[in-house]
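S.K.: Mind folding the following:
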Amino acid sequence: MAQVMTRSRGRHARDDGMSTAEYAVGTVAAAAFAGLLFKIVTSPEVRRLLLDIVKRALQLAG
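M.R.: Predicted coordinates for the structure are as follows:
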């Protein structure tokens, strides 16, 4: 019984975790998403909306 469990673990051990290529693709995708999000948040329209929200909140606070 112990041999069967060891063999099955050995077969599945190759599938555990991500490979270096998967990490690279994930890192590139995360960096691209961060760049896109930065562009959106720093756009004049979004900046104006955020400033309006802050101004309203400050006016309501007193």
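
S.K.: Any regions of the protein where pLDDT drops low?
M.R.: By pLDDT under 70, the low-scoring segments of the chain are 1-16.

S.K.: Could you rerun that using 90?
M.R.: 1-22, 41, 61-62 (pLDDT under 90).

S.K.: Where do the helices of it begin and end?
M.R.: For the chain, the helices defined by DSSP state H cover 2-13, 20-41, 44-61.

S.K.: Is it possible to get JSON lines of the ones you listed that adds mean neighbour count?
M.R.: Backbone N, C-alpha and C define where each C-beta goes, glycine included. Converted to JSON lines, the helices of the chain look like this (neighbours: other C-beta atoms under 10 Å):
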{"stretch": "helix 2-13", "mean neighbour count": "9"}
{"stretch": "helix 20-41", "mean neighbour count": "10"}
{"stretch": "helix 44-61", "mean neighbour count": "9"}
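
S.K.: ok, and the closest non-adjacent residue to Gly26?
M.R.: Nearest residue to Gly26 in three dimensions, chain neighbours excluded: Met18, at 7.3 Å (C-beta to C-beta, 6 or more residues apart in numbering).

S.K.: gap between that neighbour and Ala24?
M.R.: Distance of Met18 to Ala24, given as C-beta to C-beta, to the nearest Å: 10 Å.

S.K.: now do Phe33
M.R.: 15 Å.

S.K.: which ones are touching the most centrally placed residue in the chain?
M.R.: With distances taken as C-alpha atoms, centre = their mean, the residue of the chain nearest its centroid is Ala30 (5.7 Å). For Ala30, the contact set (C-beta atoms under 8 Å, 6 or more residues apart in numbering) is empty.

S.K.: Kindly report the same for Val41.
M.R.: Val41 neighbours (C-beta under 8 Å, 6+ apart): Arg47, Leu50.
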